[in-house]
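# Have a look at this fold, sequence not included:
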């Protein structure tokens, strides 16, 4: 969700990245997302990494980047 004075980083996502993130929010694994969207697993992985980058989700914070991305998508 966008905060006052800041652009919503999800708005910078491509339509396909949003499709992948929606599938992630439904609890699907990367292989399942690939099958459901009819794209390769490597394409899903690239989209997931792009989502993490656009949301500034770094490694090593002690929290799952996947969970944090989904929470951001859901408006937390």
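Arrived safely. Remember, it's a predicted structure, so these values are computed and weren't measured experimentally.
# Report the buried residues of the worst-scoring helix or strand of the chain on mean pLDDT.
Every helix and strand of the chain was ranked by mean pLDDT, DSSP states H and E. The lowest is helix 65-74, at a mean of 92. By 16 or more other CB atoms under 10 Å, the buried positions in helix 65-74 come out as 65-66, 68-70, 72-73. For glycine as for every other residue, the C-beta is placed from the backbone atoms N, C-alpha and C.
# What is the nearest of the residues you listed to residue 27?
Among the buried residues of helix 65-74, residue 70 lies closest to residue 27 (CB to CB), at 8.7 Å.
# who's in contact with the spatially closest residue to the closest one that is not a sequence neighbour?
Closest residue to residue 70 apart from its sequence neighbours, by CB to CB, 6 or more residues apart in numbering: residue 25 at 4.7 Å. With CB atoms under 8 Å, 6 or more residues apart in numbering as the criterion, the residues that contact residue 25 are 70, 73-74.
# Got the phi and psi for residue 40?
Torsion angles at residue 40 (phi, psi; degrees, to the nearest 10) stand at phi -70, psi 160.
# in the chain, which spans are helices?
Listed in chain order, the helices of the chain (DSSP state H) span 15-25, 30-37, 41-54, 65-74.
# Let me have those helices in TSV, extended by distance to residue 8.
As requested, those are exported to TSV (distance: least, CB to CB, whole Å):
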stretch	distance to residue 8
helix 15-25	12
helix 30-37	22
helix 41-54	10
helix 65-74	9
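# Residue 9 is nearest to which of the ones you listed?
Using CB to CB, these put helix 41-54 closest to residue 9, at 5.1 Å.
# helices or strands next to that closest one in the packing?
Judged by 3 or more CB pairs under 8 Å, 6 or more residues apart in numbering; DSSP states H and E, helix 41-54 is in contact with helix 15-25, helix 30-37, helix 65-74.
# List just the one of those helices that sits closest to residue 43.
helix 30-37 (7.1 Å).
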